[in-house]
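**Student:** Need coordinates for the following:
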Amino acid sequence: MRYLINSDKLNILTELDSNRQQELANKYNVTQQAISKIKKRKECYQSVIKSENVARRSRCPSSNLYTLLDSLVFEFIQLLEERNLPVDDKLIKAKALSVAQSLGLNSFVASANWFMKFKKRNDVRRLKQHGESRCVDLEVVENWFLKLPDIVKDFEPDCIYNADESSFYWKALPTSSYLTRGSDQHGIKQSKLRVSVMFCCNRFGGKEKIMIIGFRARPHCFKKFNYDLSTIGVNYKYNSSSYMTSALFNEWLVEWDNRLIEEKKKILLFVDNCPAHKLTADLKNITLIKLPPNTTSHCQPLDCGIIANVKNLYRSKIIQRLAPSVENDINLLDSLKELQLIDGIEMLQGCWFNVKPDTIVNCYTKAGFPLN
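**Tutor:** Okay, the predicted model is just below:
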């Protein structure tokens, strides 16, 4: 992607009346989002560019120089944003001082007050960066979306499945909270106790049993279910790493394939390119399709909001469970110690089946799957 200078932006503003945004994006080798931003800030850019031209003739009033300063610092932030480099307040202030010196604004101070007003003027906010979507090749995604209708055309929506694994930190609390004014609440050290969980659902919103992959064959807390979690609709496996392996994956596929043979049902199963998803079994009624590499944040339904929804429901559930104990003056850490793996699995199972079918259907649509 190309970095636009002010003359480019002026040309784009001139051409917007007679050209579509996507056409201009292709012409200038930028994203359509960048063109949209320029259109929204039309008056600002025209004013700044005019001020910049005046400044070059050394007859620029001080107010215009400060407008130009704002613009150049804002463009600097956009440039680093496009190149995926995180930006903090110190870097912005240092850039502002450098630009101010080049403009002859020797009295300028990048104070906390200036920075606060700069953020407000330019709608700059500090946000947490999530996921891996910036690493995705959008051209690959678009090509996949074009191929997808042909891949699924012979299957009904309830025969199109997606499966994916995720880490399950069953004692981890939410990292954000509503606080009263003046509160000085601090967080606690999050628990690192982890197992893996695999989710699987179809295009129509139907769900399969979750698979939990733990470290031990018979955790003591499973005793109340006679060490058989199938009685609560959970498939439990284990290995030394508590991660999915090719052996576990193929064992699960064979078991499911045998059930499908009895039901006389054939399905299409989409999975990502994780090495553990290497197919070694001979399947009769399951056709396994691998998603394009490094595109799961766009192409995998479970990564488009389904797993996030389950985890949000779980975080809410764990707080509801702990709140009465804390309200009765029991220390939060002591309450967490009482929470066992089986408690977390039971809550997770409930949260999984509380995910609305509409949520699943919408996430499939977001991932490019057509509605047959």
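**Student:** now stretch 94-101, how far from the centre of its chain.
**Tutor:** Stretch 94-101 has its average C-alpha position 34 Å from the chain's average C-alpha position, going by C-alpha atoms, centre = their mean, to the nearest Å.
**Student:** For that stretch, buried residues please.
**Tutor:** 95-97, 99-100 (16 or more other C-beta atoms under 10 Å). No exception for glycine: its C-beta is placed from N, CA and C like everyone else's.
**Student:** Check what contacts it and list those residues.
**Tutor:** Contacts of stretch 94-101 with the rest of the structure, by C-beta atoms under 8 Å, 6 or more residues apart in numbering, involve 69, 72-73, 76, 106, 108, 110, 114, 118.
**Student:** closest to residue 246 among those residues?
**Tutor:** The shortest approach to residue 246 among those belongs to residue 76, at 47.1 Å (C-beta to C-beta).
**Student:** what about that closest one, how many neighbours?
**Tutor:** Residue 76 has 17 neighbours, counted by other C-beta atoms under 10 Å.
**Student:** Show me where the protein has its strands.
**Tutor:** For the chain, strands defined by DSSP state E occupy the ranges 160-168, 195-202, 210-214, 234-238, 267-271, 286-290.
**Student:** tell me what the first one is packed against?
**Tutor:** Here strand 160-168 touches strand 195-202, strand 267-271, helix 306-327, going by 3 or more C-beta pairs under 8 Å, 6 or more residues apart in numbering; DSSP states H and E.
**Student:** Residue ranges in the stretch 51-200 of the chain under the pLDDT threshold?
**Tutor:** Confidence mapping of the stretch 51-200 of the chain against pLDDT under 70 gives the ranges 51-62, 81-86, 126-136, 176-188.
**Student:** for the stretch 201-350 of the chain, same thing?
**Tutor:** Along the stretch 201-350 of the chain, the parts satisfying pLDDT under 70 run over 326-327, 329.
**Student:** Return the distance of residue 218 relative to residue 167.
**Tutor:** Using C-beta to C-beta, to the nearest Å, we find residue 218 at a distance of 22 Å from residue 167.
**Student:** which one of the buried residues of stretch 94-101 is nearest residue 249?
**Tutor:** Distances from residue 249 to the buried residues of stretch 94-101, taken as C-beta to C-beta, are shortest for residue 95 (49.0 Å).
**Student:** so how far is residue 305 from the closest residue to residue 197 other than its chain neighbours?
**Tutor:** Counting by C-beta to C-beta, 6 or more residues apart in numbering, the nearest residue to residue 197 once its immediate chain neighbours are dropped is residue 168, at 4.4 Å. With the distance defined as C-beta to C-beta, residue 168 ends up 17 Å from residue 305.
**Student:** before we move on, back to that, as a markdown table, the helices and strands packed on strand 160-168 with distance to residue 333 and mean neighbour count would be great.
**Tutor:** Converted to a markdown table, the helices and strands packed on strand 160-168 look like this (distance: least, C-beta to C-beta, whole Å; neighbours: other C-beta atoms under 10 Å):
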| stretch | distance to residue 333 | mean neighbour count |
| --- | --- | --- |
| strand 195-202 | 21 | 23 |
| strand 267-271 | 38 | 22 |
| helix 306-327 | 10 | 16 |
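**Student:** give the contact list for the residue nearest to residue 289 when sequence neighbours are not counted.
**Tutor:** Residue nearest to residue 289 in three dimensions, not counting chain neighbours: residue 270, with 5.0 Å by C-beta to C-beta, 6+ apart. Neighbouring residues of residue 270 by C-beta under 8 Å, 6+ apart: 160-163, 289-291, 300-301.
**Student:** Drop anything exposed from those.
**Tutor:** Buried by 16+ other C-beta under 10 Å: 160-163, 291, 300-301, out of the contacts of residue 270.
**Student:** Residue 228: neighbour count?
**Tutor:** For residue 228, the tally of surrounding residues (other C-beta under 10 Å) stands at 10.
**Student:** How many residues are close by the closest residue to it other than its chain neighbours?
**Tutor:** Take residue 228 and drop its neighbours on the chain: the residue closest to it by C-beta to C-beta, 6+ apart is residue 222, 8.0 Å away. Close neighbours of residue 222, defined as other C-beta under 10 Å, add up to 19.
**Student:** Thanks again, I'm all set now.
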